[in-house]
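In: Fold the stuff below for me.
(chains A, B, C and D)
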Protein chains: 2
Amino acid sequence: MTVPDAGPGSAAVRILVCDDHVVVRAGLLALLDSAPGIKVVGEAGTGEEALALAAKLRPDVVLMDLQLGEGIDGVETTRRLTAAPGTAPHVLVLTTYDTDADITRAIGAGATGYLLKAERPEELFAAIHAAARGRTVLSPPVAGRVMANMRSPRPSLTDRERDILTHLSRGLGNREIARALFISEATVKTHLRRVYDKLDVDTRAGAVAVAKEQRLLP
Amino acid sequence: MTVPDAGPGSAAVRILVCDDHVVVRAGLLALLDSAPGIKVVGEAGTGEEALALAAKLRPDVVLMDLQLGEGIDGVETTRRLTAAPGTAPHVLVLTTYDTDADITRAIGAGATGYLLKAERPEELFAAIHAAARGRTVLSPPVAGRVMANMRSPRPSLTDRERDILTHLSRGLGNREIARALFISEATVKTHLRRVYDKLDVDTRAGAVAVAKEQRLLP
DNA sequence: GGGCGGGTCATCCGATCGGTTGACCCGCCC
DNA sequence: GGGCGGGTCAACCGATCGGATGACCCGCCC
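Out: Numbers count the residues shown, from 1 in each chain, chains lettered A, B, ... in the order given. Okay, here's the model as predicted:
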């Protein structure tokens, strides 16, 4: 069959760029235009836009930033993109942060690869081609973290523990947290104890610090 | 006099790009190359690099990201650039964050303008030309924050209070903070009280949350 | 020389937190 | 049907924190 916008030989990889920073987006566009075998077919500034454009344009790969400002975030967008029936695009995460929480959530949401914006352009190009074929690509620091996690799995917080932590980071006391979640103060303390253990801290201030540092909270 | 690398008419604005994200940097390069009257003469991935290149290349404007990973940060780089004797370049901050602390510190360090990466490319081009003439340019959200600060000045933390807050965010208790800073526990409590008041919180957890949120700590 | 911001310290008290131990319930999976 | 992870709750106690008040010292600036 003939592909209208493809040159001779193998067709170029069709890309959808999703990033809330217009400058970065426009810059990436210009950068990718110079790359061989890569064609940017669309750009989105929000998750909703990305979903709509992906459905219409059917890109091979979506370049996705995890932080998208307003609306649904990159993880949720990734989940919906990869869960789409039929020809779901491969999602290649391209972001600034390499915290365990971000990596884990992105991979859990179905991302094919995880690159850092500090990556060299050639690596980005190679990763895009790899992602188009469904191959997994991780930036070295990301791969390192994944390995470290395999070796010594970090206990992840339960939903309830995250609830507690969220309220804690608002500065609420145990009684207030209890009231907010319709549970007893004793239960709050139990959860907190487990949160302390998992985060390897022993004060509420420390817990909030780690939570913010590791980007465990929305 | 003739300018070697300038076209006919007025010379192009000579730009030095400083950003630790290679992809963003390369993207910006491609983007700015397409802009009329703007010429990128160099790129740096660290503050140290930026200082060295600025001394050698004498750019009109330095596009500066505040977050630079390793080494000195964007604020310190800006300070040294603008403090340089003779023909110091104008520094145009181009970053992701628009917290009061970042804005205040950047302007205090001598930045000519403060743009967000979410800004439209045309605005960026216009801002660069404006910065070259020494004019101040602020992204709307940034300008808004500056105005809000003028109307109701946020009390800024003293150095000592920042010390206390730093240790607090490590999860230390008052006694430990006191020992670490060689002061009495009573003094720690006094400082903490003032920190609470300034940050508008009433618990240590809340203080840590605000500190992290507002990027008050290094 | 007086005011003021910043830093230091003390005392007192009630409220809260952190630590511990033990318990019950539910859904799920082997 | 027994184990297990997750969630819930209780009671107790010492340690710590938060709140209020008052005080001293120093450097700086008008």
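In: Going by C-alpha atoms from here, please, whenever you check contacts or count neighbours.
Out: Fine.
In: Run the chain-centre distance for the helix-or-strand element of chain A with minimal mean pLDDT.
Out: The helix or strand of chain A with the lowest confidence, counting by mean pLDDT, DSSP states H and E, is helix A:22-33 at a mean of 87. Put simply, helix A:22-33 sits 20 Å off its chain's centre (CA atoms, centre = their mean, to the nearest Å).
In: Just the angle for it relative to helix B:22-33, thanks.
Out: 90 degrees (axes from the mean of the first three to the mean of the last three CA atoms, to 10 degrees).
In: which element follows helix A:22-33 toward the C-terminus?
Out: Once the chain leaves helix A:22-33, the next helix or strand it forms, by DSSP states H and E, is strand A:38-44.
In: got the CA coordinates for the host helix or strand of residue A:52 in CSV?
Out: Secondary structure assignment for residue A:52, by DSSP H and E: helix A:47-57. The C-alpha trace of helix A:47-57 is given here as CSV (Å, rounded to 0.1, in the frame of the first residue of the first chain):
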residue,chain,number,x,y,z
GLY,A,47,-3.1,15.3,28.3
GLU,A,48,-6.6,15.8,26.9
GLU,A,49,-5.1,17.3,23.7
ALA,A,50,-2.7,14.4,23.4
LEU,A,51,-5.5,11.8,23.7
ALA,A,52,-7.6,13.6,21.1
LEU,A,53,-4.7,14.0,18.7
ALA,A,54,-3.5,10.5,19.1
ALA,A,55,-6.9,9.1,18.3
LYS,A,56,-7.0,11.2,15.1
LEU,A,57,-3.4,11.1,14.0
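In: Who are the packing partners of whichever helix or strand comes after it?
Out: Under the assignment DSSP H and E, the closest C-terminal helix or strand after helix A:47-57 is strand A:61-64. Strand A:61-64 sits against strand A:13-18, strand A:90-95, helix A:121-132, with contacts defined as 3 or more CA pairs under 8 Å, 6 or more residues apart in numbering or on different chains; DSSP states H and E.
In: about what we covered before: for the least confident helix or strand of chain A, which residues meet the burial criterion?
Out: For helix A:22-33, burial by neighbour count (16 or more other CA atoms under 10 Å in any protein chain shown) applies to A:22-32.
In: thinking again about what came up before, got a list of contacts for the helix holding residue A:52?
Out: A:16, A:18, A:41-44, A:68, A:71-74, A:77, A:80-81, A:89 (CA atoms under 8 Å, 6 or more residues apart in numbering or on different chains).
In: Chain B: which of these is nearest?
Out: The shortest approach to chain B among these belongs to residue A:68, at 10.4 Å (CA to the nearest CA).
In: For chain A, what lies in contact range of DNA strand C?
Out: Chain A has residues A:172-175, A:189-190, A:192-193, A:196, A:202-205 near DNA strand C, with proximity defined as CA under 7 Å from any atom of the strand.
In: Which of those fall within helices?
Out: A:174-175, A:189-190, A:192-193, A:196, A:204-205 (DSSP state H).
In: most neighbours per residue, which of the helices and strands packed on strand A:61-64?
Out: strand A:90-95 (a mean of 27; mean count of other CA atoms under 10 Å in any protein chain shown).
In: That strand near chain B anywhere?
Out: No. Using CA under 8 Å from any CA of the partner chain, strand A:90-95 stays clear of chain B, coming no nearer than 9.6 Å.
In: Just confirm residue A:115 is within a strand.
Out: Yes. Under DSSP: H, G, I helix; E, B strand; the rest coil, residue A:115 sits within a strand.
In: Look at it and say how many residues are nearby.
Out: Using other CA atoms under 10 Å in any protein chain shown, the number of residues around residue A:115 comes to 28.
In: Can you name the residues that contact it?
Out: So residue A:115 contacts A:92-95, A:124, A:137-139, A:142 (CA under 8 Å, 6+ apart).
In: hmm, 7 Å instead?
Out: A:93-95, A:138-139 (CA atoms under 7 Å, 6 or more residues apart in numbering or on different chains).
In: roughly how far out does stretch A:49-60 sit from the chain middle?
Out: The chain centroid and the centroid of stretch A:49-60 are separated by 18 Å, computed with CA atoms, centre = their mean.
In: Which positions within it qualify as buried?
Out: Applying 16+ other CA under 10 Å to stretch A:49-60 flags A:50-51, A:53-54, A:58-60 as buried.
In: and residue A:20, helix, strand or coil?
Out: coil.
In: Just give the nearest non-adjacent residue to it, would you?
Out: residue A:45 (4.4 Å; CA to CA, 6 or more residues apart in numbering or on different chains).
In: you'd agree that neighbour is up against residue A:23?
Out: No. Residue A:45 lies out of contact with residue A:23 (CA atoms under 7 Å); the separation is 10.8 Å.
In: where in chain A is pLDDT low?
Out: For chain A, applying pLDDT under 70 flags the ranges A:1-10.
In: got the contact list for residue A:166?
Out: residue A:217.
In: if we go to 10 Å?
Out: Contact analysis of residue A:166 by CA atoms under 10 Å, 6 or more residues apart in numbering or on different chains lists A:160, A:172, A:177, A:208, A:211, A:216-218.
In: any idea how far chain B is from it?
Out: 10 Å (CA to the nearest CA, to the nearest Å).
In: correct me, but residue A:11 touches residue A:38?
Out: Yes. Counting by CA atoms under 10 Å, residue A:11 touches residue A:38, with 8.9 Å between them.
In: element containing residue A:218?
Out: Residue A:218 belongs to no helix or strand, assigned by DSSP H and E.
In: wait, it sits on residue A:169?
Out: No. Using CA under 10 Å, residue A:218 is not in contact with residue A:169; the gap is 11.2 Å.
In: Identify the structural domains in chain A and state their residue ranges.
Out: Split into domains by automatic domain parsing, chain A comes to A:13-150, A:159-213.
In: ranking these by burial, who's on top?
Out: domain A:13-150 (a mean of 20).
In: quick one on the thing from earlier: which strands and helices lie in contact with the least confident helix or strand of chain A?
Out: When contacts are defined as 3 or more CA pairs under 10 Å, 6 or more residues apart in numbering or on different chains; DSSP states H and E, helix A:22-33 packs onto strand A:13-18, strand A:38-44, helix A:121-132, helix B:22-33, helix B:121-132.
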